[in-house]
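> Provided below for reference: sequence and predicted model.
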Amino acid sequence: MAHSHSHHHHTHDTKGRNLFISILLNIIITVAQVIGGILSGSLSLLSDALHNFSDVLSLIVSYIANRYSKKKASFDKTFGYKRAEIIAAFVNASSLIIVALYLIYEAIVRFIHPQEIESGLVIWLALLGIVANGFSVLLLKKDSKDNMNMRSAYLHLLTDMSASVAVLIGGLLMKYFNWFWVDSVLTLLIAFYLIAMGYDLLKNSFRVLMLFSPEDVDLKEIREAISAFPEIKNVHHMHIWQLNEKENHLEAHIDFYEDITLSQFDDILNKVEEVLYHQFGINHVNIQPEYQKDDAKDIIVQD
C-alpha cells in the first residue's frame, strides 16, 4: 500500500490572544447585563446576557481547542488533536440553537405576562454590548474565514453584537413610545437569528465529524480523473473525508492493467497525487495498488 501526503500549515499566533481578550470582554458584558436586566426587568437584556454567557463558554471551548490543535501527534494519537477545533465548532453551534430555543420559550411567557421595563438602563447596557462585541468581532474576523472553530466563535460574537443593536432599538422604542411588548418581539427575533446562524455551522461540523465526503467533491469525477491514466484499469473501494478544514483525505484501490514494478507505481502515484491536489484539493492520498485481484470493484464498498 502506498501512502503519501502533503500538508500546508498556516500559523496564526494571534488566535489565542484574540480569543482571550474576547473572553474577558464578554465576561464583563455578561455580568453588567445580568445586573441590568434584573434591575430594569428587561427580558431582551437578560436574553442578551444569556447569549453573552453562552459566548463566554463557547469562547473558552474555542480557546482550549485552539491550544490543543497545536499539539503534536504521538504513538497513541497519530493525528494529534487536529479535530479539537471541529468538536469545538459543533459544541458552539449546538449551544447557539439551545439558547435560541430557551429564548423563544421565555419570550412567549413574557407575551402572556408583560412587564414594565426601565428602558434607560437597557439603552446604556446595549451600547456597552455593541462596543465590546464589535471590538471582539473585529479581532476574530480574519481568522474566521478559514477556520471552523474561529468561525463558530466569530458567529457567537457577531450575533450577540446584532442582538445588542436590537436591544438598543427596543430600549429607545420603550423609552419614547412605551412599547414594552417590543421586548418580547426582539427576543424572538434574536432567537430565530441564532438558529439561522447556528444551523449551517452545526451541519458542516457534523459532516466532518461523521466522515462524510466534502460537499464540493464528487467521487465519480475523481474516479474518472484517476481512470484517465492509461495504466489504470479501475478505481474502486473509495473513501474521502475531511480530517479538519485544512486536510482532505482519500483512500482507494487502483486496479492496473499490467503487473508493474514498484518504481513504475511510484511514478504513476505522483501524477495521480498532482491531479487530486490541484483539481480536487485533496492533500492526503492513500492508494492500494492491485493486479487481477478478486475483490469487489464498486466505487463504494462497505467495510
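Noted; the coordinates are in hand.

> which residues of this protein fall in helices?
14-40, 43-68, 84-112, 119-144, 148-177, 182-209, 219-227, 262-280 (DSSP state H).

> Nearest to H253, out of these?
Proximity to H253, assessed across those by CB to CB, is greatest for helix 219-227 (11.0 Å). C-beta: built from backbone N, CA, C; applies to glycine.

> Next one: K293 from L269, what distance?
Distance, K293 to L269, by CB to CB, to the nearest Å: 17 Å.

> nope, L128 is what I meant
59 Å.

> cool, D146 as well?
Note on D146: its distance to L269, by CB to CB, is 29 Å.

> quick one, which of the two is more surrounded?
Neighbours were counted for D146 and for L269 using other CB atoms under 10 Å; L269 has more, 18 against 12.

> That one contacts N286, correct?
No. Taking contacts as CB atoms under 8 Å, L269 lies outside contact range of N286: 10.4 Å.

> For I300, give me its contacts.
By CB atoms under 8 Å, 6 or more residues apart in numbering, the residues touching I300 are 219, 237-238.

> Kindly report the same for T30.
T30 touches 49, 52-53, 55-56, counting by CB under 8 Å, 6+ apart.

> Tabulate those (a markdown table), appending pLDDT and distance to S184.
Shown next, in a markdown table, are those (pLDDT from 0 to 100; distance: CB to CB, whole Å):
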| residue | pLDDT | distance to S184 |
| --- | --- | --- |
| A49 | 78 | 16 |
| N52 | 76 | 19 |
| F53 | 81 | 20 |
| D55 | 77 | 22 |
| V56 | 85 | 25 |
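
> out of the residues you listed, which is most surrounded?
Result: D55 is most packed of the contacts of T30 (other CB under 10 Å), 29 neighbours.

> so how far is V137 from that one?
For D55, the distance to V137 - CB to CB - is 11 Å.

> likewise T159?
10 Å.

> Same check on E274?
Between E274 and V137 the computed distance is 40 Å (CB to CB).

> These two: which has the busier surroundings?
Set E274 next to V137 and count neighbours by other CB under 10 Å: V137 wins out with 21 against 10.

> pLDDT value on the more buried one, please?
pLDDT recorded at V137 is 89.

> and E290, what does it touch?
253-256.

> same question, I282
Per CB under 8 Å, 6+ apart, neighbours of I282: 217, 222, 240, 248-250, 276.

> and if we set it to 7 Å?
The contact partners of I282, by CB atoms under 7 Å, 6 or more residues apart in numbering, come to 248, 250, 276.

> Can I get those in TSV including neighbour count?
As requested, those are exported to TSV (neighbours: other CB atoms under 10 Å):
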residue	neighbour count
N248	22
L250	23
L276	22
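
> Which of those sits closest to L202?
N248 (20.8 Å).

> Is it correct that G129 is in contact with S164?
Yes. Under the criterion of CB atoms under 7 Å, G129 makes contact with S164 at 3.3 Å.

> shared neighbours, those two?
D48.

> Domain-wise, how is this protein divided?
2-209, 219-290 (automatic domain parsing).

> Among those domains, which comes closest to D298?
When the domains of the chain are ranked by proximity to D298 (CB to CB), domain 219-290 comes first, at 5.9 Å.

> Quote the end-to-end distance of that closest one.
Taking CA to CA, to the nearest Å, domain 219-290 runs 20 Å from one end to the other.

> Low-confidence regions, the chain specifically.
Low-confidence segments of the chain (pLDDT under 70): 1-13, 44, 51, 114-116, 303.
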